[in-house]
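Peer 1: this one's sequence-less:
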């Protein structure tokens, strides 16, 4: 099994992610070994990518309210893994953000999720995650 650091480097070295890596953008996901809940959304928004903090926008506020957890619990408890369909902001489209890149989740999810073997619940947020 790869370590988180090795896996992050592999993601950043992947040709598919070259443009992001060259801009100094790191993949945005978290996978604490202690995670029990995995949240799979579409992809980071531009605000999340710029801040380096996933679900750092009004939709994140709504998600935390819905789950009944504080911001501190969400980010610092080690209970939550965040493994979106794409780890990078896909760009803007005509009517919102572009969809996550095809094949990204197929390539990386299994390897990332292997780092948190005790996940008991996966929450799928949005059509892309639910269809996948």
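Peer 2: Here it is on my side, so go on. No experiment lies behind these values; they were computed from the predicted model shown. Numbers count the residues shown, from 1 in each chain.
Peer 1: And for this structure, the residue most distant from the center?
Peer 2: residue 94 (23.3 Å; CA atoms, centre = their mean).
Peer 1: Got the confidence number for that residue?
Peer 2: Residue 94 is assigned 87 on the pLDDT scale.
Peer 1: quick one, what contacts it?
Peer 2: With contact set as CB atoms under 8 Å, 6 or more residues apart in numbering, residue 94 has no partners. Every residue, glycine included, has its C-beta placed from N, CA and C.
Peer 1: Distance check, the closest residue to residue 13 other than its chain neighbours against residue 117.
Peer 2: What sits nearest to residue 13 in space, not counting adjacent residues and going by CB to CB, 6 or more residues apart in numbering, is residue 21, at 7.3 Å. Per CB to CB, to the nearest Å, residue 21 is found 28 Å from residue 117.
Peer 1: Now do the lowest-mean-pLDDT helix or strand in the chain: everything it contacts.
Peer 2: Ranked by mean pLDDT, DSSP states H and E, the helix or strand of the chain with the weakest confidence is strand 96-97, at a mean of 84. Residues outside strand 96-97 that contact it (CB under 8 Å, 6+ apart) are 42, 43, 45, 46, 89, 90, 91.
Peer 1: all helices in this protein, in order from the N-terminus.
Peer 2: Here the chain has its helices, by DSSP state H, at 4-13, 18-22, 46-51, 58-67, 71-76, 104-113, 127-131.
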